[in-house]
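Student: Requesting a structural model of the entry that follows:
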Amino acid sequence: MKITFLGTGTSHGVPSIDCMINDFRSCPQGVCKLSETDPGHNRTRSSILVEWDGFSLLIDVSADFRQQVLRESVKKIDSVLITHGHADHVTGIPDIRSYTREKPVPLYGSEESVDMIRKSYSYVFEYPPCTGGGIPQLITNKVDSPFYLSDQKVIPVLVGHGDLKGCFGYRIGPLAYIPDMRTIDDENLKKLEGTEILVLNCLRREKEHPTHLILPQSVEFARRISPRRCYFIHMCHDIHYELDSRNIDPFMEFSRDGLKVEI
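Tutor: Presented below is the predicted three-dimensional model:
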């Protein structure tokens, strides 16, 4: 199994527009300015590509989807998983049309997520179909229990993220991917037992957030799961991947756009 980190940033991305407008004066660790010369600090919105046995699975279709797949020369997408319906995770959906010209691509998510997508992009799913300009051919599937893609079992992991009732992480064989989470119950925590590679949100260093884990909480959660490797994702400009690496365990790492991991 191969994992490509298409994007590793929050909804703002790094550098953030806010910092640019303010001439980078309020950037906590100067990361936005550093991103101009150090690509390790440049973070597009979070998404990964998972590949095994010739099968290509996209998790989330981020606001930077077009840029990401061009950068990584992604030639095909066989299926899509959606973690939740927030804009930074789904607004690349119109551009997935280039991967659906020969046949429709199945898209999976919670009932809440699928309903949000079908409402936001009603022109894609309405009948008779919209003409002109091209639309993606997607088959939406509402899931709340394990199912199979190719020969891999996919387990939805329900997590707490603000007011959403259907925000998922996903367990796919040895991989667990959770880009947005603040809480998780014991039933869903058990689904993560035996995880080899954990990809986990880590919004910022210090100030607590109502809908995301911050660095000390992410470190504590990763220790609890105890995977072979943990890669932090969904990071804002508050995280400096070099300086803050001093405060994490050896099995943990701040991911970066374009990082590739083999399992």
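
Student: worst-scoring helix or strand of the protein, pLDDT-wise?
Tutor: Using mean pLDDT, DSSP states H and E, helix 122-125 stands out as the lowest-scoring helix or strand of the chain, at a mean of 92.

Student: Show me what that helix is packed up against.
Tutor: The helices and strands touching helix 122-125, judged by 3 or more C-beta pairs under 8 Å, 6 or more residues apart in numbering; DSSP states H and E, are strand 138-142. Placement of C-beta: from N, CA and C, glycine included.

Student: quick one: contacts for the residue positioned nearest the centre of the chain?
Tutor: When the chain is reduced to its mean C-alpha position, the closest residue under C-alpha atoms, centre = their mean turns out to be residue 47, at 3.5 Å. Going by C-beta atoms under 8 Å, 6 or more residues apart in numbering, residue 47 touches 6, 7, 58, 59, 60, 61, 62, 64, 65, 68, 89, 92.

Student: Need the max-distance pair from those residues.
Tutor: Using C-beta to C-beta, these span at most 14.1 Å, a distance reached by 59 and 64.

Student: ok, those two, which is more surrounded?
Tutor: Higher neighbour count among residue 59 and residue 64: residue 59, with 27 against 22, using other C-beta atoms under 10 Å.

Student: quick one: the more buried one from residue 249, how far?
Tutor: 25 Å (C-beta to C-beta, to the nearest Å).

Student: circling back to that earlier point, and which of the contacts of residue 47 is nearest to residue 113?
Tutor: residue 89 (8.7 Å).

Student: contacting residues for the residue lying closest to that closest one once chain neighbours are set aside?
Tutor: Nearest residue to residue 89 in three dimensions, chain neighbours excluded: residue 60, at 4.3 Å (C-beta to C-beta, 6 or more residues apart in numbering). Each residue near residue 60 by C-beta under 8 Å, 6+ apart is listed here: 46, 47, 48, 81, 82, 83, 89, 90, 179.

Student: how many other residues sit next to the fourth one?
Tutor: Right, the one you point to is residue 81. Per other C-beta under 10 Å, the neighbour tally for residue 81 reads 26.

Student: So which of the contacts of residue 47 sit within strands?
Tutor: Per DSSP state E, strands hold the following members of these: 6, 7, 58, 59.

Student: And for the residue lying closest to residue 43 once chain neighbours are set aside, the neighbour number?
Tutor: Among residues not flanking residue 43 along the chain, residue 9 sits closest, at 3.0 Å (C-beta to C-beta, 6+ apart). A total of 26 residues lie near residue 9 under the criterion other C-beta under 10 Å.

Student: circling back to that earlier point, identify the farthest-apart pair in the contacts of residue 60.
Tutor: Greatest spacing in these, by C-beta to C-beta: 48 and 90 (14.8 Å).

Student: which among the ones in strands among the contacts of residue 47 gets closest to residue 121?
Tutor: The closest of the ones in strands among the contacts of residue 47, once distances to residue 121 are taken by C-beta to C-beta, is residue 58, at 16.1 Å.

Student: For that closest one, give its distance to residue 219.
Tutor: 28 Å.

Student: got the CA positions of the least confident helix or strand of the chain in CSV?
Tutor: Provided in CSV are the C-alpha atoms of helix 122-125 (Å, rounded to 0.1, in the frame of the first residue of the first chain):
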residue,chain,number,x,y,z
SER,A,122,-27.2,19.8,-7.2
TYR,A,123,-26.4,20.5,-10.9
VAL,A,124,-24.2,17.4,-10.9
PHE,A,125,-26.9,15.1,-9.7
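
Student: distance between it and the chain's centre?
Tutor: 23 Å (C-alpha atoms, centre = their mean, to the nearest Å).

Student: And for that helix, what's in contact with it?
Tutor: So helix 122-125 is contacted by 93, 94, 118, 130, 135, 136, 138, 140 (C-beta under 8 Å, 6+ apart).

Student: Now do the buried residues in that helix.
Tutor: Neighbour-count burial for helix 122-125, counted by 16 or more other C-beta atoms under 10 Å, picks out 124, 125.

Student: Residue 130: neighbour count?
Tutor: A total of 13 residues lie near residue 130 under the criterion other C-beta under 10 Å.
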